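Enquirer: pasting a predicted model and its sequence here:
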Amino acid sequence: MDEFMSRTPATKRRAAAALVLVAPLALAACSEDSAAGDDGPWEPDRDIEWIVPYSAGGGFDTYSRGIAEVMQGNHLPDGVNIVVRNTPPLPQGISSMFNADADGYTIGILPMPAAIAQQIQEPDLAQWETSEFTVLGQVDENGYVVYVPADSEYETIEDLIAADDIRAITVEQGSSSALAGLATIQALDLDAEVTYGAEGSAEVVTAALRGDADFFVYGSTDLVGFVESGDIRPLLYLGTEDQLPESFDWLDDVPTAEEAGFPDLAGAVTELRVIVAPPDLPEPVAEYLRGALADAMADEEFIAWAEEAGRPIVPRTAEETEAAIADQITQMEELVPQLSGS
């Protein structure tokens, strides 16, 4: 201070001018650091893109749109919307989530264990590392079911096991449904040929109903309407006892894999619908999005939507979801090579 006061008036004026110029620059730098999430709170000030790596109309798309509507309406700043973008095929969608800017304006719904299975099966195609996503939370845990058309000659899972030259249909290779189907075929020693490439659950059911497939394996929360309408019948539940959705009365009389004598198949492939952001998301940004997601999933409006849509909510915190993902990575590292050799 003494040195500044001892300067000439001209020198003082130059120093003061320099301070005037430096101050805005310093404030701008601080503002940029805050926006990047290095310190201080963060909240979005423009629309957020939500990536769904599947076509519109399926389970992942339905959950995404249900959460997005409640989240943008009740738990984001006014004027900030969530724009859902469907980006099939699966590798393209997952890659776009992983490689987006880590700024809080791109999130997505990640299918597990499909993400890690595709990474193991197609390492050159998979432009992501499953373990490196920034995890925000989980909305659903989906046990798989073996279904047949309602008029099928196969009344029980034992009938299906005893049959020759049966046909299955599913979506793309490496998807969670495809993995569950292959695990089922291997565990039950089914004489089955699989057709891949259906665009979603509705196309899988339609193909089976017109006679193009004898059975298919899909999630318990995906085809509720088709079961309740009497179009398809469940033969075997592949999840564990604690994964059985309490609200699905139609599963009450369906044997589990363990009850049918295949305990190793129970829970071997369980679909998790996980909400993620790109890697290295700044912690204040991640904290904000995790909170907004958790608040949306606990919102009475979303709970009412889930009940009306027949979509159970099985939420997990980010920490719990990270642990579940780590378990599935370990599980798939053992299972996928076995299925690939079958």
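Expert: Structure received.

Enquirer: for the rest of this, base every contact and every neighbour count on C-alpha atoms.
Expert: Fine.

Enquirer: need the contact partners of the helix or strand containing residue 319.
Expert: Per DSSP states H and E, residue 319 falls inside helix 318-340. With contacts defined as CA atoms under 8 Å, 6 or more residues apart in numbering, helix 318-340 is touched by 112-113, 116-117, 120-121, 131, 135-138, 179, 182-183, 186, 274, 290.

Enquirer: try 6 Å
Expert: Outside helix 318-340, the residues that touch it by CA atoms under 6 Å, 6 or more residues apart in numbering are 135-137.

Enquirer: which one of these has the most neighbours?
Expert: Counting neighbours by other CA atoms under 10 Å, residue 136 leads those with 27 neighbours.

Enquirer: wait, that residue sits on residue 291?
Expert: No: with contact defined as CA atoms under 6 Å, residue 136 does not reach residue 291; the gap is 8.6 Å.

Enquirer: for residue 55, give me the pLDDT.
Expert: We have a pLDDT of 86 for residue 55.

Enquirer: contacting residues for it?
Expert: Counting by CA under 6 Å, 6+ apart, residue 55 touches 86, 88.

Enquirer: chain center to the helix holding residue 319, what's the gap?
Expert: 14 Å (CA atoms, centre = their mean, to the nearest Å).

Enquirer: how about it: buried residues?
Expert: Using 16 or more other CA atoms under 10 Å as the test for burial, helix 318-340 gives 318, 321-322, 325, 328-329, 331-332, 335-336.

Enquirer: what is the neighbour count of residue 259?
Expert: 12.

Enquirer: pretty sure it sits in a helix.
Expert: No: using DSSP: H, G, I helix; E, B strand; the rest coil, the assignment for residue 259 is coil, not a helix.

Enquirer: enumerate every residue touching it.
Expert: So residue 259 contacts nothing (CA under 6 Å, 6+ apart).

Enquirer: swap the cut-off to 10 Å and go again
Expert: 236-237, 266 (CA atoms under 10 Å, 6 or more residues apart in numbering).

Enquirer: model confidence for the residue lying closest to residue 223 once chain neighbours are set aside, exactly?
Expert: Excluding its sequence neighbours, the residue lying closest to residue 223 (CA to CA, 6 or more residues apart in numbering) is residue 201, at 7.4 Å. Looking at residue 201, its pLDDT is 87.

Enquirer: give me the pLDDT for the spatially closest residue to residue 221 that is not a sequence neighbour.
Expert: Using CA to CA, 6+ apart and skipping the chain neighbours, the partner closest in space to residue 221 is residue 311 (5.9 Å). Predicted confidence (pLDDT) for residue 311: 88.

Enquirer: burial count for the closest residue to residue 152 other than its chain neighbours?
Expert: Sequence neighbours aside, residue 214 is the residue nearest to residue 152 in space, at 7.5 Å (criterion: CA to CA, 6+ apart). Per other CA under 10 Å, the neighbour tally for residue 214 reads 21.

Enquirer: give me every residue that touches residue 214.
Expert: 147-149, 152-154, 160, 165-169, 192, 207-208.

Enquirer: circling back to that earlier point, any common contacting residues for residue 136 and residue 291?
Expert: Residues within reach of residue 136 and of residue 291 at once, by CA under 10 Å, 6+ apart, are 317-318.

Enquirer: alpha carbons of stretch 102-116, in PDB - could you do that?
Expert: In PDB, the C-alpha atoms belonging to stretch 102-116 read as follows (Å, rounded to 0.1, in the frame of the first residue of the first chain):
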ATOM      1  CA  ALA A 102     -19.300 -33.400 -19.800                       C
ATOM      2  CA  ASP A 103     -21.100 -30.200 -19.100                       C
ATOM      3  CA  GLY A 104     -24.400 -31.400 -17.700                       C
ATOM      4  CA  TYR A 105     -26.400 -30.900 -20.900                       C
ATOM      5  CA  THR A 106     -26.300 -34.500 -22.200                       C
ATOM      6  CA  ILE A 107     -27.500 -37.400 -20.100                       C
ATOM      7  CA  GLY A 108     -29.100 -40.800 -21.100                       C
ATOM      8  CA  ILE A 109     -30.500 -44.100 -20.100                       C
ATOM      9  CA  LEU A 110     -27.900 -46.900 -20.200                       C
ATOM     10  CA  PRO A 111     -29.000 -50.500 -20.600                       C
ATOM     11  CA  MET A 112     -27.200 -52.900 -18.300                       C
ATOM     12  CA  PRO A 113     -25.800 -55.500 -18.800                       C
ATOM     13  CA  ALA A 114     -26.000 -54.800 -22.500                       C
ATOM     14  CA  ALA A 115     -23.400 -52.000 -22.400                       C
ATOM     15  CA  ILE A 116     -20.700 -54.200 -20.900                       C
END
